[in-house]
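**Q** Here is my input, please return the structure:
(chains A and B)
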Protein chains: 2
Amino acid sequence: MKVNRNFDNLVPNYLFAEIAKRVNEYCSANPDKKVIKLGIGDVTLPLPKIAVEALKKGADDLGNKETFKGYPDYEGYEFVRKAVSDYYNTFGVKVDPSEILITDGAKSDSGNIGDIFDKDNTVLVTDPVYPVYVDSNIMAGRKIIYADSNESNGFCAMPNEDVKADIIYLCSPNNPTGSAYSYDQLKTWVDYANKNDAIIIFDAAYEAFITDDSPRSIFAVEGARTCAIELCSLSKTAGFTGTRCGYTIIPKELERDGKNIYKLWYRREATKFNGVSWPVQCAAAAVLSEEGQKEFKENISYYQENAKIIASAMDELGIYYTGGKNSPYIWLKCPNGMGSWEFFDYLLENANVVGTPGEGFGKNGEGYFRLTSFGDRENTIEAVRRIKELLSK
Amino acid sequence: MKVNRNFDNLVPNYLFAEIAKRVNEYCSANPDKKVIKLGIGDVTLPLPKIAVEALKKGADDLGNKETFKGYPDYEGYEFVRKAVSDYYNTFGVKVDPSEILITDGAKSDSGNIGDIFDKDNTVLVTDPVYPVYVDSNIMAGRKIIYADSNESNGFCAMPNEDVKADIIYLCSPNNPTGSAYSYDQLKTWVDYANKNDAIIIFDAAYEAFITDDSPRSIFAVEGARTCAIELCSLSKTAGFTGTRCGYTIIPKELERDGKNIYKLWYRREATKFNGVSWPVQCAAAAVLSEEGQKEFKENISYYQENAKIIASAMDELGIYYTGGKNSPYIWLKCPNGMGSWEFFDYLLENANVVGTPGEGFGKNGEGYFRLTSFGDRENTIEAVRRIKELLSK
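**A** Predicted structure coming up:
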């Protein structure tokens, strides 16, 4: 009996545990200080009312013999897939409901999608990176290579034509850097993938935060249907982090190694997943309706205003940053050459503000720092006031 | 770019598609016939009221800023794990909440648990078998060996001491045969696993249907804590097939290959899963409460009475069968030496009753047939009347 020894190669990620430890120690030693947390990557506003009502209606359905629902369709109910398709239409992207699979979230999908690919593929991730892309491929024993996101490319890593990758994870708007690829940049990636017979796994979890003409879906880019899988989720779009619903989109024509990729993923999901709860699917369809979109866009606007407040302060302070415009994240360069953890402690002790050290997301995160706009307005304003006061000294 | 070619080794399972096709053809040709379906493996009674109320309360929590819930704990909320632990206490099995992980169901778990084991382990399944155990291990490229369940052992396959297996899937009460292992039989498996350094993955999804002293958990068996993982679900226990909640139990002391198995599974889940919806976790805790148990036991009793009606008919007809007593399934030998599909057609055409041909579950299913007690009472009685009339001719 052998366990999967690839797990030995995982780097224990104590980032958030270490943050919690330092914050707790500071608070214990300074009980009078009001610490504001802008490190959190989780939403805080309540679920749109229309989603709450749909959840409750769905629960009632389950309580009546006539409307009871048992096992859902593996790919999700047709009306939910239709709602996703309609939503994509609102920003000009055509995907057929038959190309959509409803899942419990983009994290599960970005981890599980690897099941359909051979171990002997080279995986490319951009660095800094959402750790799930790396860890799930380490577990699978795949070779991972890195494309650097840094100040010189505005934290938008681009392909190196001399390097061959088979599976490419892109996240735009990016977690953690908040940067969003332009159409032309994504087109370069799509061309690279098509030329190299690679597949792009495109994580669009933050698409709803885009305010400019950056593509909200990889399928807005010409050529993407022959090289890309899109993962998305309602977690950040509609506050579903505790409700759990996402979706994968795989164009019917996407093939590699003589196989249809949608069919492989469907087979994987039909075998190792049993679908999403009926009330949750009802809630997903509800928030994607016209009325639902209005509601969740109010929440997005609230976070965007927070982001603007933080970003404006960085502008005033002359601090380099990405994000804030198309993203709830502001990724800033630590002032005065400070390291990530050094700046963390400095900010905690002198402004009583908590953020996330960038080096937790990869080597290009060293010397950078992430603030998020998911807090409430009053705290965000107060945190920014303290940061400005501290750093303009 | 290579896809996972192990998928090529999957046998397309058209069992339920083929059933649907034959039923549809028959119904189209005979629109006046009232066909009764006893093939379904899904529950039909509504969710317990206490679960519906908890889902709605959970939805309301999500709708208010003060009670809103974001990302759940990876291992599930403590009060839910405590509820599972308390429930196990009611049948005399001690498991600590810290040994429990809340998941979206036993199917996902039985598929995903393989991630923590090396590819080069030999997997043993009993045949007939729930196809997920086989298919998920084919996808992973593992060698699979079979232990025969058949009439000579009452469809309770036992280990062969001369054969070495590393990972053993047991399901008791069994899907599809309805047979439940006795304490002594499970003890033999546990001893075999401990002696061979193997791990038993024990699927207890049907434990709530047990009426005699068969163990309801592998952890009722001495020695299991050093060789077993238990998967269970509320799908059949409390009608959660469309609500989606299950749990895995891994004793803290379970180690293999120098590694703690709970920690590996936690790491897998923390990386590739993001927990269960807040309202669903609330509903899970509610049905596992004392009042909730009373409610779901009424539903179980209803299905058990159906099972008794079907089993009594088999007794009257002198047909060999397993199940019915500790299970919603009645697994019967096709009369007069008929094959599974032959009997399927015979029953459909002459009694207008639909069941499931046993050969869809493996070679030992040839010549056997599954009926389920998940239908409603009136239809079950009428189906049994027709079967008796037909077969006693």
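
**Q** Now the residue in the stretch 1-150 of chain A that chain B sits nearest to: which helix or strand?
**A** Nearest residue of the stretch 1-150 of chain A to chain B: A:G111, at 3.0 Å (CB to the nearest CB). No exception for glycine: its C-beta is placed from N, CA and C like everyone else's. Using DSSP states H and E, A:G111 sits in helix A:106-112.

**Q** next one: that helix to chain centre, how far?
**A** How far helix A:106-112 lies from its chain's middle: 11 Å, per CA atoms, centre = their mean, to the nearest Å.

**Q** And stretch A:266-274, by the same measure?
**A** Centre-to-centre, stretch A:266-274 and its host chain are 23 Å apart (CA atoms, centre = their mean).

**Q** Would that stretch count as contacting chain B?
**A** Yes: Stretch A:266-274 reaches chain B (CB under 8 Å from any CB of the partner chain) through A:267-268, A:271-274.

**Q** returning to that earlier point: the residue of the stretch 1-150 of chain A closest to chain B touches B:A270, doesn't it?
**A** No: using CB atoms under 8 Å, A:G111 is not in contact with B:A270, being 10.2 Å away.

**Q** okay, now the residue of the stretch 1-150 of chain A closest to chain B: neighbour count?
**A** Neighbourhood size, A:G111 [other CB atoms under 10 Å in any protein chain shown]: 25.

**Q** same deal with the one 3 residues further on?
**A** Neighbour count of A:G114, defined by other CB under 10 Å: 23.

**Q** and it, how far is that from A:R244?
**A** Counting by CB to CB, to the nearest Å, the separation of A:G114 from A:R244 is 20 Å.

**Q** tell me, how many neighbours does A:K252 end up with?
**A** A:K252 - counted by other CB under 10 Å - has 14 other residues nearby.

**Q** Ok, A:N9 next?
**A** 10.

**Q** Please name the nearest non-neighbouring residue to it.
**A** Closest residue to A:N9 apart from its sequence neighbours, by CB to CB, 6 or more residues apart in numbering or on different chains: A:I138 at 5.1 Å.

**Q** What residues of the host helix or strand of that neighbour count as buried?
**A** Secondary-structure element containing A:I138, defined by DSSP H and E: helix A:131-139. Judged by neighbour count using 16 or more other CB atoms under 10 Å in any protein chain shown, the buried positions of helix A:131-139 are A:131-139.

**Q** Mean confidence (pLDDT) on that helix, please.
**A** The average pLDDT within helix A:131-139 is 96.

**Q** repeat for stretch A:306-317
**A** Confidence for stretch A:306-317, expressed as mean pLDDT, is 98.

**Q** ok, and what's touching that stretch?
**A** A:38, A:209, A:320-321, A:323-325, A:327-330, A:332, A:335, A:371, A:373-375, A:377, A:380-381, A:384, A:387-388, A:391-392 (CB atoms under 8 Å, 6 or more residues apart in numbering or on different chains).

**Q** Repeat that for stretch A:374-386.
**A** By CB under 8 Å, 6+ apart, the list of residues contacting stretch A:374-386 reads A:36-38, A:40-44, A:302-303, A:305-306, A:309-310, A:313, A:328, A:351-353, A:373.

**Q** just stretch A:342-351 next, same as before
**A** A:19, A:22-23, A:26, A:35, A:334-335, A:338, A:353-355, A:357, A:369, A:383, A:386-387, A:389-390.

**Q** Report the buried members of the residues you listed.
**A** Counted by 16+ other CB under 10 Å, the contacts of stretch A:342-351 give A:19, A:22-23, A:26, A:334-335, A:338, A:353-355, A:357, A:369, A:383, A:386-387, A:390 as buried.

**Q** now, among those residues, which is nearest to chain B?
**A** Comparing the buried ones among the contacts of stretch A:342-351 against chain B with CB to the nearest CB places A:I19 closest, at 15.2 Å.

**Q** The closest one: what secondary structure?
**A** Put simply, A:I19 is helix when judged by DSSP: H, G, I helix; E, B strand; the rest coil.

**Q** my guess is it meets A:T356, correct?
**A** Yes: using CB under 8 Å, A:I19 makes contact with A:T356 at a distance of 6.8 Å.

**Q** residue ranges for the strands of the stretch 101-250 of chain A, please.
**A** For the stretch 101-250 of chain A, applying DSSP state E, counting those that start in this stretch gives strands covering A:122-127, A:143-148, A:167-171, A:199-203, A:228-233, A:246-249.

**Q** Is it possible to get JSON lines of these that adds distance to chain B and mean pLDDT?
**A** Shown next, in JSON lines, are the strands of the stretch 101-250 of chain A (distance: least, CB to the nearest CB, whole Å; pLDDT from 0 to 100):
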{"stretch": "strand A:122-127", "distance to chain B": "9", "mean pLDDT": "98"}
{"stretch": "strand A:143-148", "distance to chain B": "13", "mean pLDDT": "98"}
{"stretch": "strand A:167-171", "distance to chain B": "7", "mean pLDDT": "98"}
{"stretch": "strand A:199-203", "distance to chain B": "6", "mean pLDDT": "98"}
{"stretch": "strand A:228-233", "distance to chain B": "9", "mean pLDDT": "98"}
{"stretch": "strand A:246-249", "distance to chain B": "9", "mean pLDDT": "98"}
